[in-house]
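Enquirer: Below are the sequence and a predicted model; questions follow.
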Amino acid sequence: MVWGSSEEDFDRIYEGVFSLLIRILVRMTGDAEAAQDICQEAFIKLHQRTEGFPSVDDAKFWLIRVARNLALNYEKRRRREFTAYKKVSSLEEGKSGDSGENEYLRKESSLRVQEALLRMPGKLREVLVLKEYGDLPYKEIAAILKISEGNVKVRVFRAREWLAAFFQNSEEL
Amino acid sequence: MCPDKELLSAYCDGEVPSPWKEKIDSHSAECPACGRIVARYRSLGRLMREAREPRLDMEAASARVRAAVGRSSAARPSPWKKRVSLPLAAAAAAALFFFGSGIFLSFFARGALETERPLAAKGPRKVENAENMKDMNQLLEILERQESGMEVTIRLPDLRNFQSYGEPVFLRAGDSSGGIRQ
């Protein structure tokens, strides 16, 4: 049976996937505005798609895959701008003397995590974001990225090792 | 023997099934090296999840995306089929038109092939009491009684003040048109 032949099907996938998708996109892009733009574009592509899906899960995986590709394109454009953004943010942090040390460290840590994600090789970043922020099992990540579960396992492991090395070099851990 | 780091990473994600999971549970509790690796992977996960994410009003974001999809579909109709609701009279009239056209066209197609048919059989003939029919069921019954292969032309009343009445019979008949000979 082909799934996705009515507006009701579209509504169902929208209600079921929107919050997951936007959460993943916010983490992948580090920008709420960009995440909404990408999310919007992905849903428009879904709405205009002519072929149905074998199941609701296939529709969900297709949508996340499209959004991930859009996010990768966005990230390529943004990567060059990030260093400048980080410098400006750090200067602004220094100026605000009323925030406590913990708050400062937390913001600094958030910025480091975002920087690490943007620097991380794309193939590692996408599995880690889908795992840590999407909270998806390996099986679903494999279906989204069209790779084997074994490959997901290896990439998650390598992403963690990469992240650990990044923070070690930055004396974060 | 210690499990490899890749397996410990999968273990942190809850991706190692029994009985291996229980074995790693007890091993990582006893082995300081493996315990440290598990703790490190978990702290990395925490660090990522605790990292502040850009502020986002989910409801507003959802409404914004929804509206954009709506605008897009208005500009370019979606292939996701919409349920069309027509007034009953209009739906019945449309069904009647297409149904009548189908019969009419099939007659011509058959006529082109069956050249041996006597010309007299092709002449127009008025269905008796057609104007006195009260509903579509009667029309269907009359049509079923006619010989197969006859031409049928259905003329709608000239008046346009149709009123909604009952279920659209021709829509229903169109779904299971086996009873109607063409």
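Expert: Alright, I've got the coordinates.
Enquirer: quick check: domain ranges of chain B?
Expert: B:5-50, B:88-176 (automatic domain parsing).
Enquirer: Lowest mean pLDDT across the ones you listed, which one is that?
Expert: The minimum mean pLDDT among the domains of chain B belongs to domain B:88-176 (a mean of 59).
Enquirer: Chain A: helices as residue ranges?
Expert: Using DSSP state H, the helices of chain A run over A:7-29, A:32-48, A:56-95, A:101-119, A:122-132, A:138-145, A:149-169.
Enquirer: Nearest spatial neighbour of B:Tyr41, chain-adjacent residues omitted?
Expert: Leaving aside its chain neighbours, B:Tyr41 sits nearest to B:Cys12 (4.5 Å; criterion: CB to CB, 6 or more residues apart in numbering or on different chains). (C-beta placed from N, C-alpha, C; glycine too.)
Enquirer: So what's the residue count around that neighbour?
Expert: B:Cys12 sits with 23 neighbouring residues when counted by other CB atoms under 10 Å in any protein chain shown.
Enquirer: same question, the one 3 residues further on
Expert: When neighbours are defined as other CB under 10 Å, B:Glu15 has 18 of them.
Enquirer: So it belongs to a helix, correct?
Expert: No - counting by DSSP: H, G, I helix; E, B strand; the rest coil, one finds B:Glu15 to be coil, located in no helix.
Enquirer: so who does it touch?
Expert: With contact taken as CB atoms under 8 Å, 6 or more residues apart in numbering or on different chains, B:Glu15 is in contact with A:Pro137, A:Tyr138, A:Lys153.
Enquirer: just checking: which of the residues you listed also lie near chain B?
Expert: Among these, proximity to chain B is found for A:Pro137, A:Tyr138, A:Lys153 (CB under 8 Å from any CB of the partner chain).
Enquirer: got the phi/psi numbers for the first one?
Expert: Read it as A:Pro137. phi -70, psi 160 (degrees, to the nearest 10).
Enquirer: Relative to A:Leu118, how far out is the residue lying closest to it once chain neighbours are set aside?
Expert: Leaving out its chain neighbours, the residue that sits closest to A:Pro137 by CB to CB, 6+ apart is B:Glu15, at 7.1 Å. Look at B:Glu15 and A:Leu118: by CB to CB, to the nearest Å, they are 26 Å apart.
Enquirer: Thanks again, I'm all set now.
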